[in-house]
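Asks: got a predicted structure here, sequence first:
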Amino acid sequence: MNKREYYKIISKYQLYILQETMNQFISLFVVFCAIGRLGADSPLTSEEQEHVKDNLEKIYNSWQRKRPTDKFHNNRDKIFEGLVTTSRTAPFNSDDSKPDQKWDFAGNRKEKRGCGFPKMGDSKSSWTVRIMNADHSSFYGSLIHPQVVLTAAHHISVWEKYKVRAGKWDDKISVLKTMVHPKFDQRNLANNVALLFLAKSFSLDDDINVICLPEQGGIPSPGTECFSSSLVLPIIEFYKCQDQLRTRSGTSLHNTFICAGGKRGVDTCRGDGGAPLACPIGSAHGQRYQLSGIVSWGIDCYQEVPAAYTNVALFRDWIDIQMKAQGLETSVYTAW
């Protein structure tokens, strides 16, 4: 139900309202202001939702005392149900939610963005966040939910306090809880994944969005061009990458990694740890991305040897379980 439909429903009762007290006029005025502020077809924001619901309840209670069988009474449940479903509300308790649909200065509606859609002209950084500890050293992560960051476990210390910045780095939110994968191995960085649960949510807007997660086992094909730290990096076949790493340093590649890169001068390096490797969903021209990898380790930098990235698709089920345990929705980062 959109605002135009609300307007039609409430308009039917204007004659009734004229017979009520000045308080009812004030209540109706608040409802009309909420309906008309952004346009007849626009969704209600969470704040408008509460204003409308409170004032409709006041009007309803007054009418119920005088005429409990009137049409407003019969439509009450429908109206209140519409209030819940019309406004976009985040799957967590937050005052920071914004409507998915926005309007530009010319009054044209912008379609809502789901997970994995970068802002116009963006180098796939809408979901990249900077994670800072008390001494101001930092690393990166990916926003997979307005209140959850996915990053590399080797950067996380249980006794550290972290803050997260997103967008233009102006908004900073404290980390409430960290969760490192129980099978993370500090020696070979196997299962190198961690979740950070924030004290409050980021507001998704033109600068900040969440990235989609692949389904369990949804590994990108070799040759797929992905993005990390503004670089275009092709996915390298696992055994080919393993041979290159062994030849160069004798290092074995654990099966919880994927590889990308291998072109001289084009590589992630020190300081990029935890950053996303974003790969296209479907067509490379579809402009929607999923988090296929997390920057983990490599041999030197900018050499003709691929770097290793945590294979996020192997941890989708684990991530879903942790999210549900915290009462958070998994649909936020689900593209299908």
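Replies: That came in fine, so what should we check first?
Asks: which stretches in the chain count as helices?
Replies: With DSSP state H as the definition, the chain shows helices at residue ranges 3-11, 14-17, 22-36, 46-66, 71-86, 238-249, 316-325.
Asks: worst average pLDDT in those?
Replies: In terms of average pLDDT, helix 71-86 trails the rest of the helices of the chain, at a mean of 41.
Asks: how about low-confidence regions in the stretch 201-336 of the chain?
Replies: Within the stretch 201-336 of the chain, the set of residues satisfying pLDDT under 70 comprises 265-267, 269-270, 283-286, 301-302.
Asks: repeat the analysis, applying 80 as the threshold.
Replies: Low-confidence regions of the stretch 201-336 of the chain, defined here as pLDDT under 80, cover residues 230, 248-250, 262-271, 283-286, 298-304, 336.
Asks: likewise for the stretch 51-200 of the chain?
Replies: Of all residues in the stretch 51-200 of the chain, those with pLDDT under 80 make up the ranges 51-113, 119-125, 136, 168-171.
Asks: and the strands in it?
Replies: Counting by DSSP state E, counting those that start in this stretch, the stretch 51-200 of the chain has strands at residues 102-103, 109-110, 128-132, 138-145, 148-151, 163-166, 171-180, 194-198.
Asks: so which elements touch the fifth one?
Replies: With contacts defined as 3 or more C-beta pairs under 8 Å, 6 or more residues apart in numbering; DSSP states H and E, strand 148-151 has these neighbours: strand 128-132, strand 138-145, strand 194-198, strand 289-297. Glycine gets a C-beta too; all of them are placed from N, C-alpha and C.
Asks: single out the most deeply packed of those.
Replies: With neighbours taken as mean count of other C-beta atoms under 10 Å, the helices and strands packed on strand 148-151 reach their highest mean count in strand 289-297, at a mean of 26.
Asks: check which helices and strands that strand is in contact with.
Replies: On the basis of 3+ C-beta pairs under 8 Å, 6+ apart, strand 289-297 makes packing contacts with strand 138-145, strand 148-151, strand 225-228, strand 257-261, strand 276-280, strand 306-311.
Asks: in TSV, list the ones you listed along with distance to Lys183.
Replies: Output for the helices and strands packed on strand 289-297, formatted as TSV (distance: least, C-beta to C-beta, whole Å):
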stretch	distance to Lys183
strand 138-145	20
strand 148-151	16
strand 225-228	24
strand 257-261	14
strand 276-280	21
strand 306-311	12
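Asks: output the strands of the stretch 51-200 of the chain in JSON lines; the columns should cover distance to Gln326.
Replies: JSON lines is the format used below for the strands of the stretch 51-200 of the chain (distance: least, C-beta to C-beta, whole Å):
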{"stretch": "strand 102-103", "distance to Gln326": "29"}
{"stretch": "strand 109-110", "distance to Gln326": "31"}
{"stretch": "strand 128-132", "distance to Gln326": "18"}
{"stretch": "strand 138-145", "distance to Gln326": "10"}
{"stretch": "strand 148-151", "distance to Gln326": "8"}
{"stretch": "strand 163-166", "distance to Gln326": "16"}
{"stretch": "strand 171-180", "distance to Gln326": "8"}
{"stretch": "strand 194-198", "distance to Gln326": "6"}
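Asks: wait, which of the ones you listed is closest to Leu314?
Replies: With C-beta to C-beta as the measure, strand 148-151 is the member of these nearest Leu314 (13.0 Å).
Asks: which strands border the closest one, and is each parallel or antiparallel?
Replies: strand 138-145 (antiparallel), strand 194-198 (antiparallel) (DSSP bridges).
Asks: distance to His155 added to those, as JSON lines?
Replies: What follows is these, written out as JSON lines (distance: least, C-beta to C-beta, whole Å):
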{"stretch": "strand 138-145", "distance to His155": "5"}
{"stretch": "strand 194-198", "distance to His155": "8"}
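Asks: out of the strands of the stretch 51-200 of the chain, flag the one nearest Gly293.
Replies: strand 138-145 (10.0 Å).
Asks: can I get the CA coordinates of the closest one in CSV?
Replies: In CSV, the C-alpha atoms belonging to strand 138-145 read as follows (Å, rounded to 0.1, in the frame of the first residue of the first chain):
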residue,chain,number,x,y,z
SER,A,138,43.6,0.0,10.5
PHE,A,139,42.5,-2.7,8.1
TYR,A,140,39.5,-3.3,5.9
GLY,A,141,36.2,-5.2,5.8
SER,A,142,33.0,-5.5,3.9
LEU,A,143,29.5,-4.3,4.9
ILE,A,144,27.2,-7.3,4.5
HIS,A,145,24.4,-6.0,6.6
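Asks: Lys263 contacts Val305, doesn't it?
Replies: No. Under the criterion of C-beta atoms under 8 Å, Lys263 makes no contact with Val305, lying 10.0 Å away.
Asks: looking at those two, which is more packed in?
Replies: Looking at Lys263 and Val305 with other C-beta atoms under 10 Å, you find the greater number of neighbours at Val305, namely 21 against 14.
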